[in-house]
Each structure stands twice: as C-alpha cells, then as structure tokens.
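*Asks:* quick one, structure for this:
(chains A, B and C)
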Amino acid sequence: MAFGKVLDDKTSARIQRTVASSISRKGVDKKGTAFQMVLLTTLFITMLILVVLIFDVVQGGWEVLTTRLWGFMRGEIGSGTFPERLGVQQGLYGSFWIAVFVAVFAFPIGIGSAIYLEEYSRKNKFSRFIELNIRNLAGVPSIVYGLLGLFLFVEGIPFLTGPNSNGRSATSAGLTLAVLVLPIVIITAQEALRAVPSGLKEGSYGVGATRWETIRYQSLPYAAPGILTGTLLSMSRAIGEAAPLILVGATTGFLGSNPNILDVGSVRERFTAMPIVITEWTQKTNTVNEDVFIPSAAAAIVVLLVFVLLLNIVAIYLRHYFEKKRES
Amino acid sequence: MSTASTFQDQSKLENSIAIPEMPDRETEPTAAAAPATVAAPAATTPTHAVELSTPQSHSAFEAGTAQLEAETASDEALEQDEVPAKNLVYKVNDLNVYYGDYHALRNVDLEIEANEITAFIGPSGCGKTTLLRCFNRMNDLIPTARIEGMIEYLGVNLYDSQVSAVEVRRRIGMVFQKPNPFPKSIFDNVAYGPRITGLAKRGQALNDIVERSLQKAALFDEVKDRLNNSAMGLSGGQQQRLCIARAIAVNPDVLLMDEPCSALDPVATTRIEDLMNELKQDYTIVIVTHNMQQAARVSDMTAFFSVDVASETDTRTGILVEYGKTEEIFSTPKDTRTEHYVTGRFG
Amino acid sequence: MTTTQQVQHVNSPETKQPFTVEDLQMNPARSNRQKAIAGVFAVTAVTSIAISGLILWTLLAEAWVFMVNVDWASVWDIGWFPRRGIYDIKTLIVASLITTGIAMMVATPLGLGAAIYLSEYAHPRVRSVIKPVLEVLAGIPSVVLGFFALLWIAPNVVGSFSANDAGSLAAAGIGVGILTIPLITSVSEDAMAAVPSSLREASQGLGARKSATTLRVVLPAAISGIVASLIIAVSRAIGETMVVYIAGGAAQTAIYTDFPTEKGLTMTAAMASQGSGTDNVVGEGLTFQSLYFVGLVLFVFTLGLNVIASRFVNRIQEKY
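*Replies:* So this is what the prediction gives:
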C-alpha cells in the first residue's frame, strides 16, 4: 500500500536501471566488494587517526604523568625555568568555576526554554521563530560568542565580573560559555521532552493535573535521562572550549600563586583555564624551553581529555542505556 | 484584543440567560428533554476559541465573582419549593468541532442523564472520540482544536471563560483507549490525583482513598499485597482497572471511557463491563466503543455517529445520526443508516 | 464565595447545592501559581532571542565604527597587520577558504564513507561499537587537535611533501578536517537512516546488488541530508578557531598567501591572536573594532551556510 506513495517515477526508473545492470553482470560482484573495501578503509583510517592522536598525546605526556603527576596537578602555570614547579592547578581552578557558571546559568535557562517550547507554547509563528533562532545560535562559531562576551561581560559590566581585573575573570568566561552552550542544552532537552509518551501526559491531565504538575511529575522524570545526557555533553563542550576564553581575556603566562579551588572571591580575578594552558604551552614550540613545555602540554591534554571523555562516555552510556530500556 | 472582549461579553450573556432557564427545568421534570429550552441558548450560541489553561484577567475574574453571587442568590430563591428534577449531566447544543480547517463534528445536539451509561458508536472518523474529549476539555490540549456551540455540564457552560479546564477534568474523569498507568507504584498511581488536587496529601486519609478507589475498581484484592510494586508489572486488564481507580480517586462525577477495552482480551473486557455496571451506581458513564455488542450489553442510551461525505468537495464530517434508548437503537432504529450499521451492513 | 472546593456528587442529594460556574474553577492560589510558573518559562525562552539580538547588535555596532572610520584602501592591501592599521580582509578570507577546502577534502571521503558503511553495511554489533567511538572523537576539544596538527601532522604529513614542517594552513586544515568527520558521519547517517527500508527492499527484491542499491537508490534518496551535512561541516570548519590558531603557523600578523603549505592567518585565528597576550586588544585606533569587523564577516558566512543547510534538511523531512 505504501509502495505507491514511496516510489515516485524517478526512483522507480532508477531502480529498474539498477536492476537491469546488476542482473546482466555475471560472476562475483567485484565492484561491490571493492566498494565495501573502500568504505571499510575510510572507517579504518578514521579509527586509526583517533588511535594515533591518543597515542601521540599519551606518549608525549607519559614522563610528566608518571614521574610527577601530583606535582603537575598542583603546580603553577609559570615559566619554564622551573620545570619541577610547572603544573595545571590554575587551569583546573578556572575550568572548575567555568563549569559552575555553566551549570548555574545555562542548565536552568536552557531546560526552562525547552519546557516552554515543548509544553507551553502553542505552535505559532513566534514559537517557530524562537526555534529557528536557537537552531541558528547553535551554528554560530564559538569565537563570535567570545566577541559577545568581550563586549558584554568584560567591557560592559566589569564592576560585576571583575573590578580588579578589568572584567577579565572566570566570571566573564563562565557567563560567556553558559551563553555558548545554551542552544545545545535547549535542543537536547527539547528532544528528550518530545519523547515523553502522550498517554502519560493525558493520564495526568485526565485526573485534573495542571500543565505544570504534569510537567513536574510526569514529563520531567521521564525525560530526565535525556536531559541529563544533554547537560553532560554541553558541559564537556564548555570545559574543552578555548576560543571565547582568549577573547574574554584568559591570562596567558604567569598568574601569581595558586588559589584554593573553593576560594569563591577569586572568580572575579584574573584567570586561566585548562584549554588555555594547553594552547599557551603548545605555542612554546621552537622556543628555548620547548623540552619542558611540549611534554607538559601533552600531559595537560591527557588531564583535560580524562575529564571531557569521562563526561562524554557517561552521557553516551546513559543515552544508550535508556534507549534500550525504553524499547523494551 | 477586541475579539477577547466580545468573547467575555458573550459568556456573561450566557450566564444571565442561564438564570431564567432554571425554573423551566425544575418545575417541569421533562422540560429538560424538550426542545423549547434548547432554543433559548441556541439563539445566542457563541463562538468559542478553545483556550489553553484558561487564563483569566483579574478584572474578568472579579466581574465573574460579583455575577456569581447574584446568581447564587437567585438560585437560593428558587430552591424553596424545588421538585427534584431529572438529573441532566450534559446538554450539548448545536456543537461543531474543528481541527484547523477540518470540520470533525457537525451540529450535534445531545443530552446525557446522571447514573446512566451512554454509549457512542459508529465507524472510525465519525467524531465520537472527539465529542468525548470535548466533554472534559481534553481537546484543549490540541492546539488546532476549536469548538462552536455549547456544552452545558450540570447547567454550566463548560467552555465559559471562567471555567478552568483543570477543574473540569478533575470532576470528569477519563479512561483511555490504551491503558496508560504512570511508571510508578500501584499506590502512587492512584494517589497521584488526590495528591496534586490537594484532596489528601499523605497519611491515613490518602491510604483510605487509595484503598476505596481500588476496591471500587475491583482491583484491590488482586494487588493489596503489592501496592508498592510498579504498575507496569500488571496485566493489561489490571492496568486498565488501575486507570479506572486512578480516575475514581479524585471523586469525579462522570467517567468518560474512550474504547477502554479495545486493547484487552475477552476475559478482561468482561471484567471491565461488569465493573461499569457497578460504577453506574455512583457515576455517570459515557463510553466510546467500536464494539456494538459491548454497547448493547452495557449501555442504557446509545448515540450512533456516522461520517457524512459531502459529494462535491469530498470532505468528511462526523454527524450524530440517532440517539435513544439502547434497546430501541438496536431493535427499532428510526434511521436507516443506524439500522444498516447495527445489522452489520456497513462500517 | 459561598461554595468551597468541596467534592459534590450529582447523585447524593443531601450534599447537593446548586451547581455554578464556581464549582468548575480552580483554587485561586493553585491557579496563580500555574500562571507564575508559565511566565517564568516564557521568560527563559525569550533569553535565546535576547542573545541573538545581543550578538547582532555587538557585531554591527563595533563593525559599523570600523567601516565608517577605516581607510578602505587598507582593507585591500598586502596583508593583515591590525596594529599598524593594515586590515587586508582577503588575506584572512583566502586563508579560511584554504583551510576549509583542505578540511573538506579530508573529512568528506572519511565521514561519508564511515556513514555509508555504518548505515548500510555494518553489523549491528559493529555499529554499536563504532558509533560511540565516533562520538568520542566528536567530543575531543579542538585544542587537542591543534596540538596534534602542529606537532604530529605538520612534521609527519605536511613535512613529508614540503619543506615546512612547522605550522601551516595545510596542517591546520587537516586538523580541522579530522574534527568535522564525526559531524558529517552523524548527520548523513541520520539522512540515510530516514530513507524508508521499503526503497531498499524494492531494489533488492528486484535483484539489485547491495552496492548498487546503496549507490543508486539510498544515496540519491538521502542526498539532501548528505549535502546538508557537508554544508554544516563547511560552516563548522570556517568557524573553527583553536586548530588554525595553534597550527596555522602565523601569529597576529600575516602577509597574503594562497599557498597551503605556508603559514597563514584565518579569520578566526586573526581574532584569537589579536585577543591573546597580556595587553589584549590594543594598538591603532581601530584595532579593537577590526576584531568585530572580522567577526561580522565570519558570522555572515556561517549563518548563510547554516540557513542553506537547514533548507536541505527540511527538504528531506518533507519527503519522508
């Protein structure tokens, strides 16, 4: 029955041609085998690149990670003249606080937007405009968000974001990245909410629940794993992102002594973050202290990758686990 | 903005009309069924846009309150020598339902009495589920749905701007085609309604409601030892009875059932049908069914709906063909279309 | 208020009171709470519009200052030297196009090949391993690819056919390409998955071989989505910053070049390098504004590409 609809004239003509040529060919399908080999090769190359990349990075950072891991985690970003004191603590500190800002600002606003778009808004021009707008925001290059952050948080409200640092602080960086990941949070949360079975919502409305009660007690619990996956992925994106941080004035070079990671006051001081530390050290290629900085950059990458990939793997696992559970 | 204000004016008009209408009904027991009373509101039949979650402006609310007090006063005056009237639950007056441009249901007039089981039968696409979902404003959830005409519930216009769809659904319970228990424990499923509507939040009061509801739904004995187990582990028939218990738990007056047995086996179906006969003591029941035997077995009244195909435009619209006592519909139908349907010649 | 929210039964005459519209109203406190909550959600949804507005306003306001005050001869000059008042935009655009071109040369065959294999050939168990691995690749931060491009691709790949084994547009382009592989794979695989299986069955049922079915039935049917995946990848590649900033080889300034194995400065790298350093964005009068001018050009490029891509995606959604 569906056949008539699915096969338009062009397609059926194409199938006929295809069939005719296939049948006339005799013997082993050499072309087909070759095609499959080509496909397999592309997949193999892709996997190989991933392996080489990971291997190259781990090998580069191996010595630092195995001989002085603790010192490296606690060390200062400083100069290469004291390699034994070099470390990533300030980067970790900045990335931690950026993550906090993302969690505090992007998650509630993003999930709230998704709830509005999926559960409240009538599907009119305005809601379609918002959705189109979000889709476009997701495609804006990260460095443009950096320009926004520079203009808005650094130049715009330095008295709030960093009175002593001209606004160039972890606060500005965190707000900028919260804005950057907002579309991702919204889109993934929308997808999760869309998957809530209508029967569940109707059952709730049917006994006299309001829209919010239905969302709170039925939709959100059901969509929670999907929403969580989205928030984890956006968090991993935020802590790996570097370009906007450069523009909002992440400090490269010496940053003074290490702050305590829970020292809330210093989120309005000068800052750096893991990806910035890596960038800075990588750019020391072909300088006098190359031998100190490049292995340290590799080691810092391993540290960052552990965090980022852990978030990703948990998110991916969660999604697959709940997809399976839902299917059964 | 101008449409909104005329909308409110119209609803005020309706309420004022509703007052003189009352004596008719109460002095003359059969008047409710007489076409004369139908004529009054029909003359001012308003056009209603379906409002989601019925937002009310503050001033409209206050105006409504003042008006209500006046109304209540006149009601009290009338009450003095009241003869118990026939309990009319629903009065549908020239109802038209649209989904966007699609005219789903045309010119329906219908009255449903308390403590009776009314069955809606007819071929697919005839609008019987649509009408059922208008009865508790479930159609509000479909953004494109729109109604014209009037549905009165216990004398109150269901689509009045002051009426809250949420409260309507609390008073008018619904059981769906496919059993849809929440992915929670059996207890929490039944307790869900009482908790959110504030009937009982916790403790013995809630336990009592849950137990009573499950008993009414003839499920208690089967599940009393595993109230904390997930409802998803129940059989299809048990799940549907749980959904009935869930609906009963918020003390509704009416139960709307949308093909409640279509996903169930014959044994489970029989249990639900028996249950409906018991529930009839306490509730008014409206059931949509594809199964004519079921309608004949359980219902007191039957409404037969059909699809009217306009030949020139090839548009399909649901219409109410015939409504009457079930035995009459099945034995001596007045309309030939009904006869063809119940004798299995089409549909 | 005469009646409360007491439960009434039609059939219990002793409790029966006249039924009024009030009996069908929500408790005002509950009703107000619902409205307040709906309002909060509406406000959050408007945030995204505010952000878009702010991005546009920011870019336009500063870029406008640049465009009004700049000596336009300096926008078509020998290179990009913003601190000396030379803003040759073509240096940046050409560098961006070169890296993007190289990236697509790397990513298109690898990404599409992987997508076709996963969608049409792979055993479900193979799929369930490969797909998460690709998602891991998608999650790798771009600074890591920058490191890899500068310290592995530049000497081992680019260095093998050119004299330049340090940073170059080619090395950066390959790095960007690797970054976009998972994007192409996932979007075009989705498109192929959306092709109804009845099409494949129709073809195979008539005796067509798998490769023929794939190449002449599935791919043409999914072509909109595949094209969309490539356009999105181009947009992503043009907007990618860290790989080109780290591995492009040029810092802050660049002489015009259209030779891929030379060092160069893309639009994004120009913005990043201008923003870095302890003194941040200072220099000639319009240095700061030039940043926003480049940002606006980049924004227009990527937005245009994304709009075109979404047209293609919509087309496939309408079809099936």
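
*Asks:* C-alpha only now, for contacts and for neighbours.
*Replies:* Will do.

*Asks:* now do the helices in the stretch 201-347 of chain B.
*Replies:* Using DSSP state H, counting those that start in this stretch, the helices of the stretch 201-347 of chain B run over B:203-216, B:220-223, B:236-248, B:266-279, B:292-298, B:326-331, B:336-342.

*Asks:* can you tell me the SS state at whichever residue of the stretch 201-328 of chain A sits closest to chain B?
*Replies:* Per CA to the nearest CA, the residue of the stretch 201-328 of chain A with the smallest distance to chain B is residue A:208, at 4.0 Å. State at residue A:208, reduced to three classes by DSSP: H, G, I helix; E, B strand; the rest coil: coil.

*Asks:* contacting residues around it?
*Replies:* B:166, B:167, B:168, B:169, B:170, B:171, B:193, B:197 (CA atoms under 8 Å, 6 or more residues apart in numbering or on different chains).

*Asks:* verify the stated contact: the last one with residue A:210.
*Replies:* No: at 9.2 Å, residue B:197 does not count as touching residue A:210 under the criterion of CA atoms under 8 Å.

*Asks:* quick one: which of these two has more around it?
*Replies:* Neighbours were counted for residue B:197 and for residue A:210 using other CA atoms under 10 Å in any protein chain shown; residue A:210 has more, 24 against 21.

*Asks:* burial of the closest residue to the more buried one other than its chain neighbours, as a residue count?
*Replies:* Residue nearest to residue A:210 in three dimensions, not counting chain neighbours: residue B:166, with 5.8 Å by CA to CA, 6 or more residues apart in numbering or on different chains. For residue B:166, the neighbour count with other CA under 10 Å is 27.

*Asks:* which helix or which strand is home to residue B:166?
*Replies:* helix B:165-171 (DSSP states H and E).

*Asks:* partners of whichever helix or strand comes after that helix, with directions?
*Replies:* On the C-terminal side of helix B:165-171, the closest following helix or strand by DSSP H and E is strand B:172-175. With DSSP bridges as the test, strand B:172-175 is paired with strand B:254-258 (parallel).

*Asks:* got the angle for the partner strand vs helix B:266-279?
*Replies:* Orientation check (axes from the mean of the first three to the mean of the last three CA atoms, to 10 degrees): strand B:254-258 against helix B:266-279 gives 160 degrees.

*Asks:* now strand B:254-258: buried residues?
*Replies:* Neighbour-count burial for strand B:254-258, counted by 16 or more other CA atoms under 10 Å in any protein chain shown, picks out B:254, B:255, B:256, B:257, B:258.

*Asks:* CSV for those residues, including pLDDT?
*Replies:* CSV is the format used below for those (pLDDT from 0 to 100):
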residue, pLDDT
B:254, 93
B:255, 94
B:256, 95
B:257, 94
B:258, 93
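
*Asks:* about what we covered before: pull the most distant pair out of the contacts of residue A:208.
*Replies:* B:168 and B:193 (13.4 Å; CA to CA).

*Asks:* who in the stretch 201-320 of chain C is up against chain A?
*Replies:* Within the stretch 201-320 of chain C, the residues that sit near chain A (CA under 8 Å from any CA of the partner chain) are C:202-203, C:206-213, C:216-217, C:235-236, C:239-242, C:246, C:268, C:271-272, C:275-278, C:280, C:292, C:295, C:299, C:302-303, C:306-307.

*Asks:* any of those buried? List them.
*Replies:* For these, buried by 16+ other CA under 10 Å: C:202-203, C:206-213, C:216-217, C:235-236, C:239-242, C:246, C:268, C:271-272, C:275-277, C:280, C:292, C:295, C:299, C:302-303, C:306-307.

*Asks:* so where's chain A shaky on pLDDT?
*Replies:* The model of chain A has pLDDT under 70 over residues A:1-7, A:21-28, A:79-80, A:252-262, A:326-328.

*Asks:* indicate the residue of it located nearest to chain C.
*Replies:* Proximity of chain A to chain C (CA to the nearest CA) peaks at residue A:113, 4.0 Å away.

*Asks:* show me where the stretch 101-250 of chain A has helices.
*Replies:* Using DSSP H, counting those that start in this stretch, helices in the stretch 101-250 of chain A cover A:107-115, A:125-138, A:142-149, A:158-161, A:170-194, A:198-206, A:211-214, A:220-240, A:243-247.

*Asks:* any chance of these in JSON lines, plus mean neighbour count?
*Replies:* Shown next, in JSON lines, are the helices of the stretch 101-250 of chain A (neighbours: other CA atoms under 10 Å in any protein chain shown):
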{"stretch": "helix A:107-115", "mean neighbour count": "26"}
{"stretch": "helix A:125-138", "mean neighbour count": "17"}
{"stretch": "helix A:142-149", "mean neighbour count": "27"}
{"stretch": "helix A:158-161", "mean neighbour count": "18"}
{"stretch": "helix A:170-194", "mean neighbour count": "26"}
{"stretch": "helix A:198-206", "mean neighbour count": "21"}
{"stretch": "helix A:211-214", "mean neighbour count": "19"}
{"stretch": "helix A:220-240", "mean neighbour count": "23"}
{"stretch": "helix A:243-247", "mean neighbour count": "31"}
